[in-house]
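Q: Fold the following and give me the result.
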Amino acid sequence: MPLYECVFLVRQDVSGQAVDELIEQYTGVITEGGGEVGRTENWGLKTLSYRVNKNRKAHFALMDITSPAPAVQEMERQMRLNEDVLRTLTIKVEEHEEGPSVMKQKRDRDDRRRRERGEREEGEGGGEDRRDDRREERRERESA
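A: You can find the predicted model right below:
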């Protein structure tokens, strides 16, 4: 059976729980059509690069699908009919990625950087010492 990845955007005023319900609804459509949904990820509310139907933000969701084409077409048809779904993109892939998607990895990487930065600033206190050194140098130059 063909493999697909589907990413869809849901309006910003819809709750995260409602997005999970939409994922379950579309998973049901795929399973009724003889396919199965592997990994599903709710990427959360993100800012869009440009307005889409007067929305500045949207909930993003990803689904890995193994299904015959008619089931995917039915899912896409139902997405087009749903007023809460702003955009969809379904592509055929050779194989599904293992582990978390790039969007989830990015969030983990950003969180790790914040933790490291916080520990370094608390432990070393280097930022304030450098500022004090620069102030002293500036005062010495002005007085000379």
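
Q: Following element in sequence after the least confident helix or strand in the chain by mean pLDDT, please.
A: In the chain, the helix or strand scored least confidently by mean pLDDT, DSSP states H and E is helix 102-124, which has a mean of 64. Beyond helix 102-124 on the C-terminal side, the first helix or strand identified by DSSP states H and E is helix 126-143.

Q: Find the nearest non-adjacent residue to the residue nearest in space to the middle of the chain, please.
A: Among the residues of the chain, the one closest to the centroid is residue 43, at 3.5 Å (CA atoms, centre = their mean). Distances taken as CB to CB, 6 or more residues apart in numbering place residue 60 nearest to residue 43, at 3.9 Å, with adjacent residues excluded. All C-beta spots, glycine's among them, are computed from the backbone N, C-alpha and C.

Q: contacting residues around residue 86?
A: Shown in contact with residue 86 (CB atoms under 8 Å, 6 or more residues apart in numbering): 9, 10, 11, 52, 53, 55, 58.
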